[in-house]
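A.B. asks: Pasted the sequence and its predicted model underneath.
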Amino acid sequence: MRIDLPRRNFIKGFACVGAGAAMLPCCLPRVALAAGGLAFTMREIANGVFTFQGVNELMTPVNQGAIANIGLVVGNDASAVIDSGGSMVEGQALANAVKEITDRPVRYLINTHMHPDHIFGNAAFPDATVVGHRNLPGALEARSAFYLQSYRNQLGDALMKDIAIVPPALLVDDRLELDLGGRRLELRAWQPAHTDNDLTVRDIASGTFFAGDLVFMGHLPTLDGSLLGWMHQMEALAAVDARRVVPGHGPSPTDWPAALTAERRYFEALARDVRKAIADGVPLAEAVKTAGRGERERWALFDDYNERNATAAFAELEWE
């Protein structure tokens, strides 16, 4: 069974899961996000662990905001969803898919960080306890008005309908363990890196690590927190005891910790180029045009995000 994101009209049908999901329905539905839109299919990657893989694109009306990877873990008593997608259309498709997979209620909706492609579907899970990093409420409060306006311009009124910024009710200060009934999830709050509110989830039973946007594959990493913080935490990140990782963007799942190799290389190149520009007295406006350019052919969306990353890196590194 595979994730299917075809750019074609609504597809009806079911994809059968493999062995190891005997406690679940024998088939997983492929749910249309909207008429004429993308199909939404969840794939079982380990016993009781499912993912949806987003596309490596900017959020647009065509992809309906479905660009981030999403997770589901099913226990004996309850289930947990990791991130809710980039629109209520996607969030509702996710909720419908979960109901087809399991009758265990969604007890927790875990948000890995503040960005709209991960939280705009939150309102599709009104009965779940939303869980987030200790800094997530403040980040959402500071940005919610901007998000709702700027993404209305980007996605259009139809896809922004019914979106509500739903803050977490349960906060993770450092680490927190959630019990789904015979299945435990280990949540960890990180220091500023991709954002200042990055949260990861490890399913202990299967060794599956939901890294959120602390891990990008294929899609250029985006910097909205601290480059130095991200780089300094790479060893701790790589030390997480997991068999596989679900990155925030890119192939899901993939080998761990090998998934960090390309990201680490990009950060080192970006930092090296920015430091050299600062040492040579190159002004910011010129430095951001060349910093990290050696990585351009290795990443999707490089031209969309690299100069912004370089600008943030320059502002941070000039005060080292």
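C.D. replies: Received, thanks.
A.B. asks: which residues of the stretch 51-200 of the chain fall in helices?
C.D. replies: With DSSP state H, counting those that start in this stretch, the ranges of helices along the stretch 51-200 of the chain come out as 88-101, 116-119, 136-155, 157-160.
A.B. asks: Save those helices as JSON lines, and put in distance to Leu301 and mean neighbour count too.
C.D. replies: Every residue, glycine included, has its C-beta placed from N, CA and C. JSON lines is the format used below for these (distance: least, CB to CB, whole Å; neighbours: other CB atoms under 10 Å):
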{"stretch": "helix 88-101", "distance to Leu301": "19", "mean neighbour count": "23"}
{"stretch": "helix 116-119", "distance to Leu301": "12", "mean neighbour count": "26"}
{"stretch": "helix 136-155", "distance to Leu301": "14", "mean neighbour count": "15"}
{"stretch": "helix 157-160", "distance to Leu301": "20", "mean neighbour count": "16"}
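A.B. asks: ok, now how distant is the residue nearest the centre of the chain from Ala211?
C.D. replies: Geometric centre of the chain, nearest residue: Gly248, 3.2 Å, by CA atoms, centre = their mean. Using CB to CB, to the nearest Å, Gly248 is found at 7 Å from Ala211.
A.B. asks: Please enumerate the shared neighbours of these two.
C.D. replies: Thr112 (CB atoms under 8 Å, 6 or more residues apart in numbering).
A.B. asks: if we can go back for a sec, closest one to Lys289 among the helices of the stretch 51-200 of the chain?
C.D. replies: helix 136-155 (24.5 Å; CB to CB).
A.B. asks: quick check: mean pLDDT across the closest one?
C.D. replies: Mean per-residue pLDDT for helix 136-155: 96.
A.B. asks: That one relative to helix 88-101, how many degrees between them?
C.D. replies: Counting by axes from the mean of the first three to the mean of the last three CA atoms, to 10 degrees, helix 136-155 lies at 110 degrees to helix 88-101.
A.B. asks: I'd say Trp190 and Leu214 touch.
C.D. replies: Yes. With contact defined as CB atoms under 8 Å, Trp190 reaches Leu214; the gap is 6.7 Å.
A.B. asks: Could you find the closest non-adjacent residue to the residue nearest to the centre of the chain?
C.D. replies: Asp213 (3.6 Å; CB to CB, 6 or more residues apart in numbering).
A.B. asks: Now for Ile165, how many residues are close by?
C.D. replies: 17 (other CB atoms under 10 Å).
A.B. asks: Verify the stated contact: it with Phe146.
C.D. replies: No. Using CB under 8 Å, Ile165 is not in contact with Phe146; the gap is 10.7 Å.
A.B. asks: which residues do Trp190 and Leu214 both contact?
C.D. replies: Common neighbours of Trp190 and Leu214 (CB under 8 Å, 6+ apart) are 198, 200, 237.
A.B. asks: hang on, the earlier thing: compare neighbour counts for Trp190 and Leu214 and give me the winner.
C.D. replies: Leu214 (28 against 25).
A.B. asks: so how far is Glu100 from Leu317?
C.D. replies: In terms of CB to CB, Leu317 sits 48 Å off from Glu100.
A.B. asks: ignore the last one, Thr261
C.D. replies: In terms of CB to CB, Thr261 sits 36 Å off from Glu100.
A.B. asks: same thing with Asp304?
C.D. replies: Where Glu100 is concerned, Asp304 sits at a distance of 35 Å (CB to CB).
A.B. asks: Ok, Leu237 next?
C.D. replies: From Leu237 to Glu100 the distance is 34 Å (CB to CB).
A.B. asks: Okay, now the sheet partners of the longest strand seen in the chain, with direction.
C.D. replies: Looking across the chain with DSSP state E, the single longest strand is strand 208-216. Paired neighbours of strand 208-216 in the sheet (DSSP bridges): strand 199-203 (antiparallel), strand 244-249 (parallel).
A.B. asks: can you list contacts of the shortest one?
C.D. replies: Under the criterion CB under 8 Å, 6+ apart, residues 46, 49, 71, 73, 80, 82, 110-113, 131-133, 136, 172, 183, 185-190, 208-212, 214, 240-242 lie in contact with strand 199-203.
A.B. asks: What's the PyMOL syntax to select whichever of those are buried?
C.D. replies: To isolate the buried ones among those in PyMOL, judged by 16 or more other CB atoms under 10 Å, type:
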select buried, resi 46+49+71+73+80+82+110+111+112+113+131+132+133+136+172+183+185+186+187+188+189+190+208+209+210+211+212+214+240+242
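A.B. asks: I figured Leu214 was touching Val240, is that so?
C.D. replies: No. In this structure Leu214 lies outside contact range of Val240 using CB under 8 Å: 9.9 Å.
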